[in-house]
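In: heads up, no residue letters with this:
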């Protein structure tokens, strides 16, 4: 803030409320052509009914794509909380290790 020289109201610098982007945009990865032969990873923050929803998703996807395989959320662990940065940082390595083709990422309601 700075005072106007002629006694009028103070002048304020304007800051964009949107802020600076936190990351650069990039093109999305190519879609998985056939889920029947895909390995799907499950990421969850352990906050909202994942223990109920993921089994339903697995069952429904398996009925439609019999060859689909899953790497369940317990393999990745809780991707939320005080150790979130550490946990999320190891996700790419786990995805490679388990040869995951696609991910279902579920966060709280």
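Out: Happy to help now that I have it. Model, not experiment: these values are computed from the prediction.

In: How many neighbouring residues does residue 69 have?
Out: The burial count assigned to residue 69 is 15, neighbours taken as other CB atoms under 10 Å. For every residue, glycine as well, the C-beta is placed using N, CA and C.

In: What is the neighbour count of the nearest residue to it once chain neighbours are set aside?
Out: Excluding its sequence neighbours, the residue lying closest to residue 69 (CB to CB, 6 or more residues apart in numbering) is residue 39, at 4.9 Å. Under the neighbour criterion other CB under 10 Å, residue 39 is assigned a count of 17.

In: phi, psi of residue 39?
Out: Dihedral angles of residue 39 (phi, psi; degrees, to the nearest 10) stand at phi -110, psi 120.

In: How much space separates it from residue 99?
Out: With distances defined as CB to CB, to the nearest Å, the gap from residue 39 to residue 99 amounts to 5 Å.

In: quick one: pLDDT of residue 90?
Out: We have a pLDDT of 90 for residue 90.

In: so how far is residue 75 from it?
Out: Look at residue 90 and residue 75: by CB to CB, they are 11 Å apart.

In: secondary structure class for residue 63?
Out: Using DSSP: H, G, I helix; E, B strand; the rest coil as the criterion, the local structure at residue 63 reads helix.

In: and it, what does it touch?
Out: By CB atoms under 8 Å, 6 or more residues apart in numbering, the contact set of residue 63 is empty.

In: what's in contact with the helix or strand bottoming out on mean pLDDT in the chain?
Out: Lowest mean confidence among the helices and strands of the chain (mean pLDDT, DSSP states H and E): helix 84-89, at a mean of 86. Judged by CB under 8 Å, 6+ apart, the contacts made with helix 84-89 from elsewhere in the structure are 76-81.
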